[in-house]
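Visitor: Okay, predicted coordinates and the sequence, questions at the end:
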Amino acid sequence: MGGPEPISAEGRRALEQQLADLHTERQDVAVTLRGDDSPGDHADEADELQRADDLRRLDARIEDITLRLHQAAVAGPAPAGVVGVGSNVTVRFTDGAVQSVEIGEIASAADENLVTQDSPLGRALLGHRVGDTVSFETPQGTADATVVSLGGS
């Protein structure tokens, strides 16, 4: 849609939990860093470098999630009548199959009707209205789907 995307309440909770878990993991890794000039062998140095890399990776992910949560707060809810994160959408594919999906922030193996916002179908649906036909890429090539109905989060 071009700007900061709204986020569903469930997606927000999942990101906030992930952020809390990352902060805990970061603390655990940070306490293992020596931070002094004590002598050690090459294995100690390699472990130290790996933990430093882990900290950089954790810091980057923490920053990404914090930014995403901030952008979602700025974006507010999705406009009425427009597919957004948290929307329940019924689509009809060109083969006549009809499926209801929820546009979500984070993939969940437990929810087979969840389509993430960054998946090909999710990206194609964002910002569209009932009656719109969208195209998206699949492993078999380009496919089309028409938005049949739209519900909120």
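Guide: Sure thing, it's come through. Residues are numbered from 1 along each chain as shown.

Visitor: so what's the closest residue to Asn88 other than its chain neighbours scoring on pLDDT?
Guide: For Asn88, ignoring the flanking residues on the chain, the nearest one in space by Cβ to Cβ, 6 or more residues apart in numbering is Gly151 at 3.9 Å. The C-beta positions use only the backbone N, C-alpha and C, and glycine is treated the same way. Predicted confidence (pLDDT) for Gly151: 76.

Visitor: what's around Gly151, how many residues?
Guide: Residues lying near Gly151 (other Cβ atoms under 10 Å) number 11.

Visitor: any idea how far it is from Glu25?
Guide: Here Gly151 is placed at a distance of 36 Å from Glu25 (Cβ to Cβ, to the nearest Å).

Visitor: and what of Phe136?
Guide: Taken as Cβ to Cβ, the span from Phe136 to Glu25 is 35 Å.

Visitor: And Asp118, by the same measure?
Guide: 23 Å.

Visitor: So those two - more neighbours on which side?
Guide: The residue with more neighbours, out of Asp118 and Glu25, is Glu25; 15 against 11, by other Cβ under 10 Å.

Visitor: which ones are touching that one?
Guide: Leu58 (Cβ atoms under 8 Å, 6 or more residues apart in numbering).

Visitor: in whatever helix or strand it lives in, what's buried?
Guide: Secondary structure assignment for Glu25, by DSSP states H and E: helix 9-30. For helix 9-30, the neighbour count (16 or more other Cβ atoms under 10 Å) marks Glu10, Gly11, Arg12, Ala14, Leu15, Leu19, Leu22, Arg26, Val29 as buried.

Visitor: Direction included, what does the lengthiest strand in the chain pair against?
Guide: Across the chain, the strand with the greatest residue count (assigned by DSSP state E) is strand 141-151. Paired neighbours of strand 141-151 in the sheet (DSSP bridges): strand 88-93 (antiparallel), strand 133-138 (antiparallel).

Visitor: what's the distance between it and the middle of its chain?
Guide: Offset of strand 141-151 from its chain centre (Cα atoms, centre = their mean, to the nearest Å): 21 Å.

Visitor: Export that strand to PDB, keeping only CA atoms.
Guide: Taking C-alpha atoms only, strand 141-151 is exported to PDB below (Å, rounded to 0.1, in the frame of the first residue of the first chain):
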ATOM      1  CA  GLY A 141       3.100 -19.000 -12.800                       C
ATOM      2  CA  THR A 142       0.800 -16.000 -12.500                       C
ATOM      3  CA  ALA A 143      -2.600 -16.600 -10.900                       C
ATOM      4  CA  ASP A 144      -5.600 -14.300 -10.500                       C
ATOM      5  CA  ALA A 145      -8.100 -14.000  -7.600                       C
ATOM      6  CA  THR A 146     -11.200 -11.800  -7.200                       C
ATOM      7  CA  VAL A 147     -12.100 -10.300  -3.800                       C
ATOM      8  CA  VAL A 148     -15.600 -11.600  -3.100                       C
ATOM      9  CA  SER A 149     -16.100 -10.300   0.500                       C
ATOM     10  CA  LEU A 150     -14.200  -8.500   3.100                       C
ATOM     11  CA  GLY A 151     -14.400  -8.500   6.900                       C
END
